[in-house]
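[1] just to be clear, the model below is a prediction. Sequence and coordinates:
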Amino acid sequence: MLEPFKKQFKEKGEVYLRVKVRTGAGKTAVREVLEGEEGKTIKIDVAAQPVKGRANEALVKYLRKEFLAVNVKIISGAGEKIKLLKVSRAA
């Protein structure tokens, strides 16, 4: 499901992702990609609970692994279910 985003990352060296997170899931994984007025939103289940930033840490770790990226930064929505992230090669 992440292939179009991975292709853009490979071509440009960075990609911005709009993510809707569901915490406390059985495992961390992409559920679906939704099309909306704002563009594409990636729904991701995160196994960690939203306590002391653990869910955000798990999300960042998962995306680093998926994209083989050096840097994954939450640009906005750190305390919200919907987040904007920047995935890039540079630190």
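    Alright, I've got the coordinates. Numbers count the residues shown, from 1 in each chain.

[2] from here on, contacts and neighbour counts on C-alpha atoms
    Will do.

[3] what sits closest to F9 if chain neighbours are left out?
    Spatial nearest neighbour of F9, chain neighbours left out: V15 (5.2 Å); criterion: C-alpha to C-alpha, 6 or more residues apart in numbering.

[4] what is the longest strand that the chain contains packed up against?
    Ranked by residue count under DSSP state E, the longest strand found in the chain is strand 14-23. If you count contacts as 3 or more C-alpha pairs under 8 Å, 6 or more residues apart in numbering; DSSP states H and E, strand 14-23 packs onto helix 3-12, strand 39-46, strand 82-88.

[5] rounded mean pLDDT for that strand, please.
    The pLDDT scores in strand 14-23 average 98.

[6] please, which helix or strand holds the spatially closest residue to R54 that is not a sequence neighbour?
    Nearest non-adjacent residue to R54, counting by C-alpha to C-alpha, 6+ apart: A48, 6.0 Å away. Under the assignment given by DSSP states H and E, A48 is not contained in any helix or strand.

[7] please tell me how far A48 sits from K40.
    Distance of A48 to K40, computed by C-alpha to C-alpha, to the nearest Å: 24 Å.

[8] kindly report the same for L68.
    21 Å.

[9] same question, L63
    Distance, L63 to K40, by C-alpha to C-alpha: 16 Å.

[10] who has more neighbours, the two?
    Relative neighbour count places L63 above the other of L63 and K40, with 16 against 13, counting by other C-alpha atoms under 10 Å.

[11] find the nearest non-adjacent residue to that one, please.
    Distances taken as C-alpha to C-alpha, 6+ apart place V72 nearest to L63, at 7.1 Å, with adjacent residues excluded.

[12] tell me the predicted confidence for the one you found.
    At V72, the pLDDT value in this model is 98.

[13] do E38 as well
    At E38, the pLDDT recorded in the model is 87.

[14] tally of neighbours for it?
    7.

[15] go on, the one 3 residues further on?
    A count of nearby residues for T41, using other C-alpha under 10 Å, gives 19.
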